[in-house]
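1. Using only what follows, build the 3D model:
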Amino acid sequence: MRYMFLIYGDPEQPDTPELMEKYGDFTQCVADRGILRAGDQLHRSPSAKTVSVRDAQTVATDGPYAETKEQIGGYYILECKDIDEAVEIAAAIPNAVDGYIEVRPLVQP
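-> The predicted model follows:
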């Protein structure tokens, strides 16, 4: 089953070379295991637009939908045998130490 791993962290935390190296190592590990389906770092939250349509009018608002301390900084889509394996893998994502990793199964056709 495919799972999305949403990576939440403090937007004020800098992307240090050490952190980027940890992410490179993690990405290489899941790629070597053959379970990596997608994954990318996102630009910071101020670059986001939140779009809605109300009464046939499109409204685009600057910034993320939710105003929270933590913001989504990136994601992975990984193929895991079950939720237990997904949780185990999520614990290895570098931001799990000082942020949060939300793990959600993808609806498969």
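2. Return the residues in contact with residue 54.
-> In this structure, residue 54 makes contact with no residue, judged by C-beta atoms under 8 Å, 6 or more residues apart in numbering. Any C-beta I mention is one placed from the backbone N, CA and C, and that applies to glycine too.
3. Report the beta-bridge partners for it.
-> Here residue 54 sits in beta bridges with residue 57, going by DSSP bridges.
4. For the remainder of this discussion, apply numbering that starts at 33.
-> Right, with 33 as the first residue, what we last looked at is residue 86.
5. Per-residue pLDDT of it, please?
-> You'll see residue 86 listed with a pLDDT of 95.
6. State the phi and psi torsions of residue 99.
-> The phi/psi pair for residue 99 (degrees, to the nearest 10) reads phi -90, psi 100.
7. so how far is residue 77 from it?
-> From residue 99 over to residue 77 the distance is 9 Å, taken as C-beta to C-beta, to the nearest Å.
8. quick one, which of these two is more surrounded?
-> Under the criterion of other C-beta atoms under 10 Å, the comparison of residue 99 against residue 77 puts residue 77 first, with 18 against 8.
9. Now that one: phi and psi?
-> Recorded main-chain torsions at residue 77 are phi -50, psi -40, according to degrees, to the nearest 10.
10. Settle this for me: it is touching residue 94, isn't it.
-> No - checked against C-beta atoms under 8 Å, the pair residue 77 and residue 94 is beyond contact range at 9.8 Å.
11. Report the beta-bridge partners for residue 94.
-> Beta bridges link residue 94 to residue 81, judged by DSSP bridges.
12. list the contacts for it?
-> Contacts for residue 94 (C-beta under 8 Å, 6+ apart) come out as 78, 80-82.
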